[in-house]
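**Q** Dropping a prediction and its sequence here:
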Amino acid sequence: MIQGKILRITICSIFLLTLLQVALMPLVVAQIDTRREDQLLKTALEYVEKNRKGTVQVRFIDEMTGNRISDSEVQYRQTSHDFMFGSFLIYDPDKARQLGLEWSGNVELSWAEMEPTLGVYDFSRTDDTIRWLKQNERAHIFARFSGLFLDWNYIRSPRPPAYADFDHIGDSAVFARYLQLVHEFAFNVASHYRGAISAYITQWEINWPGHAVFVSGLSERPGWTIQQAVELDDVVSKAIRSADPSAIIMLGTSGPWKGPSEDDVDPFQFVELCLRAGVDVDAIAFEFYPSEGSPASFYDCVKKLGGLGKPVFIEETGYASMRPDADESWVKSWKWHVFDEHVQALWIKYTFTFAFGMREAAGISILSIRDNESTMPYHRWTDSFGLYTVNWQPKESAKMLRELMANFTTSGTARTDASGAVVIRGFAGNYTVHVSGYESVTVHVPEGITEDLTVSLVREKTSEYNDAAKAVESARLALSALRLRDLKTAEAENLTEAASAEYDLAVTSLERWELDAAQTHSACSQQLANQALQVETLYQQQQDYLKLSAVLATIGVIVAVMVVSLVRSRAAQRPRKEDALSS
């Protein structure tokens, strides 16, 4: 009876809890108006399907025979995206891989730390970071320069090195030398990391020179002008382009805010100034946080910024799963100000889909995979932006992102037609393609277009092939050992030539996948090599016997001579003894 009552109470409790959860869910959602987001979501998804995918018709040819590979099963799996999905702070490369994120930030190129003394570089810290990030084999790395001007984003080393004389760049001569030093630094860094860093971002938020005064307190006055910021970015981009032409160069900007002082400009104006001045960049780096609007506002800002002529990489975005540790009135001014895991997951869904679903975007990166344990005081409001807790417990947003990336990634099976062709349609990026019986190859699917490819395939090495290859290798070793000998007989030389001919036939048969023939020719080659070795061994034994016989004969002659000599010596001594006795 007691157990029955407990069971009924438990069931009632669960039922009431479920009703309470259902009742509360509309209340939470009701506080966030997502009507415009939902409308934009449809538009974005239509764009994704139409424009983020491409088509390749691949015709497969057997590399050995030149024949088309018809009526064969094909498996294809996307391994990377042309679109840049990433995270600025990683914490765990394997977790990034599990989420489907292929771009990693975490790399600050600090001038004062990397070149503390003029001309003397220390790359060790950054080298270690890059090796750590490369644990995710699919990872591409984007890095941003810091401390070229005062940099409140890199508080560990916010000032340029002392020898650069930053405090006097108001003097044109000092600034000219300053730019030369920056060029040398950026060139040497990009040269050192050529091939290791895929994309560079110029210093962040230098369109806000007043920020160092009014927010971070690093200076008593703005340390540079907007014109100097444009010139600095021009020098940095030229240095990178000279050192690593294949690298992506992105213009560092800020969020959409104009900045705290009249000396600042918003990213839209700053981008216009830079592009008008001829600053050579491939994309614009931009950030957007909930303090700056809703996901719909995010959509509008990226559209506007991308309309200036360069695609946009959203370097930082995210949403708090707990109420931020920040001024209450400031938080209440946000368009969205409900903070839990569900709303955080909605932010991820909208911003990632919007970015992927518009022509103006080149990529998107969350601020952090995991919650922060501690950070700079004026960044405390981002501490719960992670998709995992500090203890690596996944939040609803982690599941959301995994689902999004699964939906934005293509895989499938097909079958080649009579001409050996198959059509693959999927999201732009690299694919691993495996045709039954052949080794896998990488195929790139372009974005928004159709391409025809012809790919030669190498046959897959089966166990039968491996057995034949081992037999051929054994024949090679036997022949090599024989050729190292100084052959003395014509018969052995003839057998060696025959073994070599059989080995060549074995190699040719293996290349043609005539595996039985390869085994037969290998065995014959080994047999002939062994026969040649036996002939040489027998010849050597005979030679050794003859040498021994000659030695023995010589010894016999010497012994005979010695015996004759001894006999004669004794015979000569006998008359002398007789004469001695008679006298």
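**A** That came through fine.
**Q** Tell me how far Arg483 lies from His521.
**A** Relative to His521, Arg483 is positioned 18 Å away (CB to CB, to the nearest Å). Glycine gets a C-beta too; all of them are placed from N, C-alpha and C.
**Q** which one of the two has more residues nearby?
**A** His521 (25 against 12; other CB atoms under 10 Å).
**Q** Tell me which residues touch that one, please.
**A** Applying CB atoms under 8 Å, 6 or more residues apart in numbering to His521 gives the contacts Ala475, Glu502, Tyr503, Leu505, Ala506, Ser509.
**Q** In helices only, show me the residues you listed.
**A** Ala475, Glu502, Tyr503, Leu505, Ala506, Ser509 (DSSP state H).
**Q** So which bits of the helix or strand containing Phe268 are buried?
**A** Assigned by DSSP states H and E, Phe268 falls within helix 267-276. By neighbour count on 16 or more other CB atoms under 10 Å, the buried set for helix 267-276 is Pro267, Phe268, Phe270, Val271, Leu273, Cys274, Leu275.
**Q** What is it packed up against?
**A** Where contact means 3 or more CB pairs under 8 Å, 6 or more residues apart in numbering; DSSP states H and E, helix 267-276 is packed against helix 226-243, strand 283-288, helix 295-306.
**Q** okay, these, which one's buried deepest?
**A** Mean neighbour count (mean count of other CB atoms under 10 Å) peaks for strand 283-288 among the helices and strands packed on helix 267-276, with a mean of 25.
**Q** which strands and helices sit next to that one?
**A** With contacts taken as 3+ CB pairs under 8 Å, 6+ apart, strand 283-288 sits against strand 248-252, helix 267-276, helix 295-306, strand 312-317.
**Q** who does the shortest one touch, helix- and strand-wise?
**A** Think strand 248-252. Helices and strands touching strand 248-252, by 3+ CB pairs under 8 Å, 6+ apart, are strand 140-146, strand 199-201, helix 226-243, strand 283-288.
**Q** wait, which of these is closest to Ser191?
**A** Nearest to Ser191, of all the helices and strands packed on strand 248-252, is helix 226-243, at 4.3 Å by CB to CB.
**Q** what's the offset of the closest one from the middle of its chain?
**A** 27 Å (CA atoms, centre = their mean, to the nearest Å).
**Q** Okay, angle between it and helix 267-276 too, please.
**A** Using axes from the mean of the first three to the mean of the last three CA atoms, to 10 degrees, the inter-axis angle of helix 226-243 relative to helix 267-276 is 60 degrees.
**Q** Direction-wise, compare helix 226-243 with strand 248-252 and give the angle.
**A** Using the same axes, to 10 degrees: helix 226-243 against strand 248-252 is 170 degrees.
**Q** average pLDDT for helix 226-243?
**A** Confidence for helix 226-243, expressed as mean pLDDT, is 98.
**Q** Report all helices and strands that that helix contacts.
**A** On a contact count with 3+ CB pairs under 8 Å, 6+ apart, helix 226-243 meets helix 172-192, strand 248-252, helix 267-276.
**Q** The ones you listed: which one's closest to Tyr289?
**A** Judged by CB to CB, the one of the helices and strands packed on helix 226-243 that comes nearest to Tyr289 is helix 267-276, at 13.4 Å.
**Q** Minimum distance to Gln39: which of the helices and strands packed on strand 283-288 has it?
**A** Short answer: helix 295-306, nearest of the helices and strands packed on strand 283-288 by CB to CB, at 8.6 Å.
**Q** Show me how the chain divides into domains.
**A** The chain breaks down into these domains under automatic domain parsing: 52-76+428-460, 84-407, 472-564.
**Q** before we move on, the earlier item: can you pick out the most distant pair from the ones in helices among the contacts of His521?
**A** Within these, Ala475 and Ser509 form the most distant pair, 11.4 Å apart (CB to CB).
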